[in-house]
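Q: Mind looking at a prediction? Sequence and model below.
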Amino acid sequence: MRWALVKVCLAVTAMVVVAFAVPLGLVVQEMASDRAFSNAERQAATIGPTLSITTDPVQLRKAVESTQMGAARRMAVHVPAIGDSPPADIGEGRAGAHAVAETRRIGRATTASVPGGGSALLQPTALGSGDIAVVEVFVPESEVSNGVTTAWLVLAGVGAALIVGSVGVADRLGARLVRPAERLADAAHQLGEGRLGARVPEDGPKELRSAAAAFNAMADQVVELLANERELAADLSHRLRTPLTVLRLNAASLGEGPAAEQTREAVEQLEREVDTIIRTAREQRPPAAAVAGAGCDASEVIRDRMAFWSALAEDEGREVRLAGVDRTVRIPVARPELAAALDAMLGNVFRHTPEGTPFAVDVHDASDAVIVLVSDAGPGIADPDAALRRGNDGGRDGSTGLGLDIVRRVAESTGGDVRLGRSVLGGTEVRVWIGLDGRTRGAAGGVRARRGRRKRRSN
């Protein structure tokens, strides 16, 4: 594209230079010729008054030699025969007799070529006797072309400068067009090779800026789609922990024996595989915004999940308290998301507290938010901030911590947050703040989240 643009500009500029410079040079040449012959006509006219008075050769010779052209031996006067006087040629004539006779016959100024170069201006002049004398003025070729060569050289220089300048401008313009296109192509190759961080600066012409913006948006969408895919795989893998927890606890009650030991080893291996999948697939992704009009009844979902976990709690001798679920509490969270968050919090209770440890689930419905509290009477968490960081649940080495991350994403999708603290039962309290309106999801939610973090640091 760059060289094609240079060639186009070179051709266009060359045509413009030829179209204007050649006619202008011809005009200059014509003007130089007109100037030379006009000067010859003026010089020829200076001898006219003398011819009207006398035709004496002596007097005419003095008059011719007194003029500029006569002194330069470039003027001659051709007098015809008058009465008994023979014809006379005064001065150095260069035109042939035929040209002189023709000028006298037609009665107007003519030009004739001179052997050896140059031209002769023949100017007829009327005498007192009624005859016609012819004044000849020699015009050398140097006067006819005076300044023409210089003019052609100047025009050629201007034309060359215009061509060089246009090529330079075209080259710079071509580079400005080509570089963004090359960067776009290079970024596309990088993205195709799997380097998802490849982006294109949005500069250059408007069309290329639009193409770069579209490419960057596409790359961001690809990265987001891959992140969502990995996150979905991690979420699904984590949700397997709930039935795995039940299997592990049931396997523990099988007693001793080869079959029981094999079952426990299989459950442990499956738990390790699930953790590996979660660590491999996990990627940070932006929290999904709550969809207007979508949601579920938090009370109904909590009652349903507590019915599932209550059977396991009864087997382990855990006392369960449930409060605040006797009426409908609508929240802008999809039912599967809330169920996954509850299973993550309750699964942590069963995994990280001894058997027989009581726990409670409370729901508080405020005007702009719903608070879900999961508390237990276990040993608690020594470092709540570390437990909230992705990659650690505060309980065991090598844990992915995705359980609390699921809870956090559910809360933050509504503008809320998650806080860890000491419960009234003496153990850990997980407080999930779920926003109900746009104000909570926006600025207010951010303020609450920052307040919660400051509170945790101060504790």
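A: Okay, I see it.

Q: Mind checking what secondary structure A133 has?
A: Here A133 is recorded as strand under DSSP: H, G, I helix; E, B strand; the rest coil.

Q: Look at the residue of the chain most remote from its centre and report its pLDDT.
A: Relative to the centre of the chain, and counting by Cα atoms, centre = their mean, the farthest-placed residue is D84 at 99.1 Å. At D84, the model reports a pLDDT of 75.

Q: Surely G107 touches P124?
A: Yes: using Cβ atoms under 8 Å, G107 is in contact with P124, at 5.6 Å. From N, CA and C alone the C-beta is placed, and that goes for glycine too.

Q: In terms of packing, which of these two has more residues around it?
A: Neighbour count, other Cβ atoms under 10 Å: between G107 and P124, P124 has more, with 19 against 9.

Q: Which residues are in contact with the more buried one?
A: Contact analysis of P124 by Cβ atoms under 8 Å, 6 or more residues apart in numbering lists 103-104, 107-109, 132-135.

Q: For it, give me phi and psi.
A: Backbone torsions of P124, given as degrees, to the nearest 10, read phi -70, psi 140.

Q: how near is it to S113?
A: P124 sits 19 Å away from S113, going by Cβ to Cβ, to the nearest Å.

Q: re the thing from before, out of the contacts of P124, grab the one that's most surrounded.
A: Highest neighbour count within the contacts of P124, by other Cβ under 10 Å: V135, with 28 neighbours.

Q: Could you check how far S142 is from T357?
A: Counting by Cβ to Cβ, the gap from S142 to T357 is 121 Å.

Q: Of these two, which one has the most company?
A: Each of S142 and T357 has its neighbours counted (other Cβ under 10 Å); T357 has more, 21 against 10.

Q: Could you give the secondary structure assignment for that one?
A: Three-state call for T357 (three-state DSSP): coil.

Q: ok so, going back, out of the contacts of P124, who's nearest G168?
A: Closest to G168 out of the contacts of P124 is A109 (51.7 Å), distances taken as Cβ to Cβ.

Q: What score does that closest one have for pLDDT?
A: With respect to pLDDT, A109 scores 88.

Q: so what's the closest residue in space to it that isn't next to it in sequence bridging to?
A: Excluding the flanking residues, the one nearest A109 by Cβ to Cβ, 6 or more residues apart in numbering is Q123, at 4.9 Å. Assessed by DSSP bridges, Q123 has beta-bridge partners V135.

Q: what about the strands in the chain?
A: Listed in chain order, the strands of the chain (DSSP state E) span 75-79, 88-91, 110-113, 119-126, 132-139, 296-297, 320-323, 330-331, 359-365, 369-376, 417-422, 428-435.

Q: which other residues reach the fifth one?
A: By Cβ under 8 Å, 6+ apart, the list of residues contacting strand 132-139 from outside reads 36-37, 40-41, 43-44, 47-48, 51, 55, 69, 74-80, 91, 93-95, 100, 103-104, 107, 111, 114, 118-127.

Q: now these: which count as buried?
A: Restricting those to buried positions leaves 36-37, 40, 43-44, 47, 51, 55, 69, 74-80, 91, 93-95, 100, 103-104, 111, 114, 118-125, 127, with burial counted as 16 or more other Cβ atoms under 10 Å.

Q: Which single one of the contacts of P124 is nearest to I331?
A: Using Cβ to Cβ, A109 comes nearest to I331 of the contacts of P124, at 111.2 Å.

Q: For that closest one, which residues are in contact?
A: Neighbouring residues of A109 by Cβ under 8 Å, 6+ apart: 41, 44, 103, 121-124.

Q: okay if I get these as a markdown table plus pLDDT and distance to L420?
A: Listed next are those as a markdown table, based on pLDDT from 0 to 100; distance: Cβ to Cβ, whole Å:
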| residue | pLDDT | distance to L420 |
| --- | --- | --- |
| E41 | 87 | 113 |
| A44 | 86 | 118 |
| T103 | 87 | 122 |
| L121 | 87 | 115 |
| L122 | 89 | 120 |
| Q123 | 88 | 119 |
| P124 | 90 | 123 |
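
Q: Spatially, which two of those residues are the most separated?
A: Farthest pair in the contacts of A109 (Cβ to Cβ) is E41 and T103. Separation: 13.2 Å.

Q: Spell out which residues are contacts of both of these two.
A: By the contact definition Cβ under 8 Å, 6+ apart, E41 and T103 are jointly contacted by 109, 123.

Q: OK, contacts around L5?
A: By Cβ under 8 Å, 6+ apart, the contact set of L5 is 170, 173-174, 177.

Q: okay if I get those as JSON lines plus neighbour count and distance to L191?
A: Formatted as JSON lines, the contacts of L5 follow (neighbours: other Cβ atoms under 10 Å; distance: Cβ to Cβ, whole Å):
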{"residue": "A170", "neighbour count": "21", "distance to L191": "32"}
{"residue": "L173", "neighbour count": "15", "distance to L191": "28"}
{"residue": "G174", "neighbour count": "18", "distance to L191": "26"}
{"residue": "L177", "neighbour count": "17", "distance to L191": "22"}
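
Q: out of these, who's nearest S253?
A: L177 (74.8 Å).

Q: Is the closest one in contact with D203, as I believe?
A: No: with contact defined as Cβ under 8 Å, L177 does not count as touching D203 (11.5 Å).

Q: burial count for the nearest residue to V169 once chain neighbours are set aside?
A: Leaving out its chain neighbours, the residue that sits closest to V169 by Cβ to Cβ, 6+ apart is C9, at 7.1 Å. For C9, the count of nearby residues is 20 (other Cβ under 10 Å).

Q: Alright, calling it a day.
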